[in-house]
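**Q** fold the following.
(chains A and B)
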Amino acid sequence: MTTLKMDYAVEVQHLCKDFGSFHAVSDLNFRIARGEIFGLLGPNGSGKTTTLNMISGLSDPTSGMVRVFGMNPRKQAMSVRRMLGVVPQETALYEELTAQRNLAFHAELFGYRGRQKSERVEAMLALAQLQDRAKSRVKTFSGGMKRRLSIGRALLHDPWLVYLDEPTLGVDVQSRNVIWDYILRMKQEGKSVLLTTNYLEEANALCDRIGILDKGQLIAEDTPTALKARFGSSVLALEVSCVSSDDVRNRLQRITGVQSVETSDNRIIISLSGISDGAAGALVPRLLGEVTGLGGLIRNMALREPSLDEVFLSLTGKGVRD
Amino acid sequence: MGMRAAFHIMMNDLRLNLVSPFATILSLIVPVNFLFLFVLFAVGGAKVPVSVVMAGNGYNDLAFLHALGTALTFHIQRVPSAAIGQQLIQHHGSVATIQIPSGFSGKVAHQQTAYIPLTLNNLNADFANDVRRAIPLGILNFYHSVFPSVIPFSWKEVDAYAHNVTFLGYLSVSIQTVALLIGGLLFGGRGSAREWELGTMKELMLAPIRPWSVVLGKLCAGMVNGIASAALVWVVLLLLGLRLLAWGQFVGVTLVTMLVFISLGVAIGSVAKSQFVVTPFAFALGLPLFFISGAFGPISWSTPAVAVIARVFPVVYANAAFQHAVHGYWPIDTAPVWLWTILLAWAVLALCVSWLAYRRATAQH
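**A** Numbers count the residues shown, from 1 in each chain, chains lettered A, B, ... in the order given. Just a heads-up that it's a prediction; the model follows:
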């Protein structure tokens, strides 16, 4: 049997979960270090929620192992739950109760009493910047306020591992920046963070490492920089007209230094790899020449770093998932 | 920690009920509405409105009018002519016109045949049959009072109990049962389903508390609400003049019945996970059970099939125990010890069902 260490906040080994004949999660392996922000990305139905339910002990794996700080989240559920703070996607607050009462109830469930309870509630209201709305019913709050309150609730019992499911979904830019600050502060305080998001910009800005799930399997796991490098060192984006995209793709793909070419409508995304800046400087005029040589009219062009979106789409495909 | 967590969950549920008291109001309104409905039915529907036209004012004319009144069927309205009686029938002011003809007193005194013209609105067969039954009864009453020697037999009533139980008195006690039945399902079901709807069940599942604390907290919240609701219904019954003969039994059967239906409510809420499913379900399950379970009289007076079905469920036993606690008699042939055993067995079964439903719902999360 493999020895699992307390060094990791989360350790997942050969994790599988089947629902009848459907394999929701297949042979999943990853680790989250202490103090690390780990992003779990994937299209809808890729197995993110199933994985998180197994990590938090809400469901049993079909096979494989999950350890949270070295503990089995099913068999040592009480201990694991004390270490785990959850910010669900739907915020899951008692809308008819006040912000203060929502936090107080959470404190009571985690065994806080008397002055200690009041202090923790006050501290979390301050963290969520909701002191002046402490006595207001949650149903009167904006989406951003609810999200901040939900984060305050998750942090109230000072967990070691915080799991945030789409923490900035549907909030404005100001609230998003506040939430990003919270997450980065959690890391500074030594907490481990497990984050799921569909905003790859968010994953890029916050995560130390990213795991990409698709069809229940971990298809990539690395730092955002390393993942982007897989898509090439640079991307040349062109907007063209008067040319067949198939012809352009066939022609460009044969050129040394071109890793991949993707076309849609009048846009051409050329991924360049294994070339230095100087070489790119020589390659780009050649590529432009090939396009114009085929009769193409270049309306716009940009040379930039690959984005995480491009990495994600190249790995998971462009098909819509339900 | 488990008991304390259950206490906090109960308190949280009670707070939520205070700020959105839908179930509380509904569980009060429905039984009290039933009470008013059946009171109106009992008061307004028990006697048949008839018009009586009297041609004379002789001794026998008045005696027959009195005899009709003692038939316990007619709401009598005297009118001056048959034509006005006919108008009342046509305008749905009465069901029949009874004419006591000219010379009635003399014919009866001379033992001659006297005909009583009766015009009957037979469009409502129920009321028409009431009239058809009551006219001979009125004639019988007349002869009993005016010519007692003509009918050479009588009856001697021996009451089995020291007091009468009126239809309204019996029904009012049944109302307490339906309050517990529907209220219990609503309180238990909505409290449980609400957590799923809000998504807050996940918070409870991820808190360091035992699963039984959640179920216990929900049950206790339902019990507190149910007791408050039952107390309010009982106040209405007190205003109607009902008094308790056995307090202990009344409280005991209230608590056990409430526990049964709140537990079943928690189970339904856990499975349905929607308050909009729980509410119609509570009525769909509760109302038929109420009506077949001796709400208006002992179940042995209903059809055998209905009585057999009713005996499967706890409502009939709860209602019988309530009737005994208030009116001092058991309207069921089940021995009290068995009745209590069945009620307690149902409470244990309902608790197990609520626990299993909760575990199943959380396991499938």
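
**Q** the residue in the stretch 51-200 of chain B that chain A sits nearest to - how many residues pack around it?
**A** Nearest to chain A in the stretch 51-200 of chain B, going by Cβ to the nearest Cβ, is B:G199, at a distance of 3.4 Å. Where you see a C-beta, it was placed from the backbone N, CA and C, and this is true even at glycine. Residues within reach of B:G199, counting by other Cβ atoms under 10 Å in any protein chain shown, total 14.

**Q** contacting residues around the closest residue to it other than its chain neighbours?
**A** Counting by Cβ to Cβ, 6 or more residues apart in numbering or on different chains, B:G199 lies nearest to A:A92, which is 3.4 Å off, once chain neighbours are set aside. Counting by Cβ atoms under 8 Å, 6 or more residues apart in numbering or on different chains, A:A92 makes contact with A:S150, B:L198, B:G199, B:T200, B:K202, B:E203.

**Q** the residue lying closest to the fourth one once chain neighbours are set aside and B:L206: what is the separation?
**A** Nearest non-adjacent residue to B:T200, counting by Cβ to Cβ, 6+ apart: A:A92, 5.0 Å away. In this structure, A:A92 lies at 10 Å from B:L206, with Cβ to Cβ, to the nearest Å as the measure.

**Q** try B:M223
**A** 26 Å.

**Q** what about residue 18, neighbour count?
**A** No chain in the question, so chain A it is. Counted with other Cβ under 10 Å, the neighbours of A:D18 add up to 14.

**Q** my question was about chain B, not that one.
**A** B:L18: 11 surrounding residues under other Cβ under 10 Å.

**Q** in the helix or strand hosting A:L303, which residues are buried?
**A** Using DSSP states H and E, A:L303 sits in strand A:297-304. The neighbour-count check on strand A:297-304 (16 or more other Cβ atoms under 10 Å in any protein chain shown) flags A:L303 as buried.

**Q** and the helices in the stretch 101-250 of chain B?
**A** With DSSP state H, counting those that start in this stretch, the ranges of helices along the stretch 101-250 of chain B come out as B:104-109, B:125-146, B:167-198, B:201-206, B:211-239, B:247-272.

**Q** A:R31 - that's part of a strand, no?
**A** Yes. Counting by DSSP: H, G, I helix; E, B strand; the rest coil, A:R31 is located in a strand.

**Q** which strands and helices lie in contact with the helix or strand harbouring B:I25?
**A** B:I25 is part of helix B:22-45 when elements are defined by DSSP H and E. For helix B:22-45, the packing partners by 3 or more Cβ pairs under 8 Å, 6 or more residues apart in numbering or on different chains; DSSP states H and E come out as helix B:167-198, helix B:211-239.

**Q** what's the following helix or strand after that helix?
**A** Counting by DSSP H and E, what follows helix B:22-45 is strand B:48-54.

**Q** that following strand to helix B:125-146, inter-axis angle?
**A** 50 degrees (axes from the mean of the first three to the mean of the last three Cα atoms, to 10 degrees).

**Q** report the next helix or strand after strand B:48-54 in sequence order.
**A** Counting by DSSP H and E, the element after strand B:48-54 in chain order, helix or strand, is helix B:59-69.

**Q** if I look at residue 268, what pLDDT would I see?
**A** Went with chain A since none was named. Looking at A:I268, its pLDDT is 85.

**Q** wait, I meant chain B there
**A** 95.

**Q** one more: the one 5 residues further on?
**A** B:K273 carries a pLDDT value of 93.

**Q** chain neighbours aside, what residue packs nearest to it?
**A** Closest to B:K273 by Cβ to Cβ, 6+ apart is B:W196, at 3.7 Å.

**Q** and if you look at B:Y317?
**A** In space, B:Y317 is closest to B:L339, 4.8 Å off (Cβ to Cβ, 6+ apart).

**Q** test my guess that the one you found contacts B:A321.
**A** Yes. With contact defined as Cβ atoms under 8 Å, B:L339 reaches B:A321; the gap is 6.3 Å.

**Q** please identify which of the two sits among more neighbours.
**A** A direct count of neighbours by other Cβ under 10 Å for B:L339 and B:A321 places B:A321 higher, at 26 against 20.

**Q** the helix or strand hosting that one vs helix B:247-272, what angle?
**A** Assigned by DSSP H and E, B:A321 belongs to helix B:315-327. Angle of helix B:315-327 versus helix B:247-272, following the same axes, to 10 degrees, is 150 degrees.

**Q** give me the packing partners of the next helix or strand after helix B:315-327, helices and strands only.
**A** Note on helix B:315-327: by DSSP H and E, the next helix or strand toward the C-terminus is helix B:336-363. Applying 3+ Cβ pairs under 8 Å, 6+ apart, one finds that helix B:336-363 contacts helix B:167-198, helix B:211-239, helix B:247-272, helix B:315-327.

**Q** to A:I55, which of those lies closest?
**A** Proximity to A:I55 (Cβ to Cβ) singles out helix B:211-239 among those, at 19.1 Å.

**Q** tell me the gap between that closest one and the middle of its chain.
**A** Centroid displacement of helix B:211-239 relative to its chain, using Cα atoms, centre = their mean, to the nearest Å, is 21 Å.

**Q** give me the buried positions along it.
**A** B:213-230, B:233-234, B:236-237.

**Q** what does chain B put close to chain A?
**A** Taking Cβ under 8 Å from any Cβ of the partner chain as the criterion, chain B approaches chain A at residues B:1, B:4-5, B:8-9, B:12, B:15-16, B:19-20, B:198-200, B:202-209, B:362-363, B:365.

**Q** narrow those residues to just the buried residues.
**A** Buried by 16+ other Cβ under 10 Å: B:5, B:8-9, B:12, B:15-16, B:198, B:200, B:202-209, B:362, out of these.

**Q** did I read that right, A:V240 in a strand?
**A** Yes. Assessed with three-state DSSP, A:V240 lies in a strand.

**Q** since we're on it, how many residues are nearby?
**A** There are 23 residues near A:V240, going by other Cβ under 10 Å.

**Q** what bits of the stretch 101-250 of chain A have low per-residue confidence?
**A** A:231-232 (pLDDT under 70).

**Q** repeat that with 80
**A** A:170, A:198-200, A:227-234, A:242-246 (pLDDT under 80).

**Q** can you list the residues of it near chain B?
**A** Looking at chain B, the residues of the stretch 101-250 of chain A close enough under Cβ under 8 Å from any Cβ are A:R101, A:F105, A:H106, A:E108, A:L109, A:F110, A:G111, A:R137, A:R153.

**Q** one step back: distance from the strand holding A:L303 to the middle of the chain?
**A** Worked out by Cα atoms, centre = their mean, strand A:297-304 lies 30 Å from the chain centre.

**Q** for stretch A:156-169, same thing?
**A** 12 Å.

**Q** give the contact list for B:V256.
**A** Listed by Cβ under 8 Å, 6+ apart, the contact set of B:V256 reads B:A318, B:L343, B:L344, B:A347.

**Q** again, 10 Å this time
**A** B:L180, B:P314, B:Y317, B:A318, B:A321, B:W340, B:L343, B:L344, B:W346, B:A347, B:A350 (Cβ atoms under 10 Å, 6 or more residues apart in numbering or on different chains).

**Q** likewise B:S149?
**A** Counting by Cβ under 10 Å, 6+ apart, B:S149 has contacts B:Y143.

**Q** report the helix or strand with the lowest average pLDDT across chain B.
**A** Least confident helix or strand, chain B: helix B:22-45 with a mean of 73, by mean pLDDT, DSSP states H and E.

**Q** for it, C-alpha coordinates in CSV please.
**A** Output of helix B:22-45 as CSV, limited to C-alpha atoms (Å, rounded to 0.1, in the frame of the first residue of the first chain):
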residue,chain,number,x,y,z
PHE,B,22,-46.2,29.7,5.3
ALA,B,23,-46.4,26.2,6.8
THR,B,24,-47.5,27.5,10.1
ILE,B,25,-50.3,29.6,8.7
LEU,B,26,-51.4,26.8,6.3
SER,B,27,-51.5,24.2,9.0
LEU,B,28,-53.7,26.5,11.0
ILE,B,29,-55.9,27.7,8.3
VAL,B,30,-56.7,24.3,6.7
PRO,B,31,-58.1,22.5,9.9
VAL,B,32,-59.9,25.6,11.1
ASN,B,33,-61.4,26.0,7.6
PHE,B,34,-62.6,22.4,7.7
LEU,B,35,-64.1,23.1,11.1
PHE,B,36,-66.0,26.1,9.8
LEU,B,37,-67.0,24.2,6.6
PHE,B,38,-68.5,21.3,8.5
VAL,B,39,-70.1,23.6,11.1
LEU,B,40,-71.8,25.4,8.3
PHE,B,41,-72.8,22.1,6.8
ALA,B,42,-74.1,20.8,10.1
VAL,B,43,-76.0,24.0,10.9
GLY,B,44,-77.3,24.8,7.4
GLY,B,45,-77.7,21.4,5.8
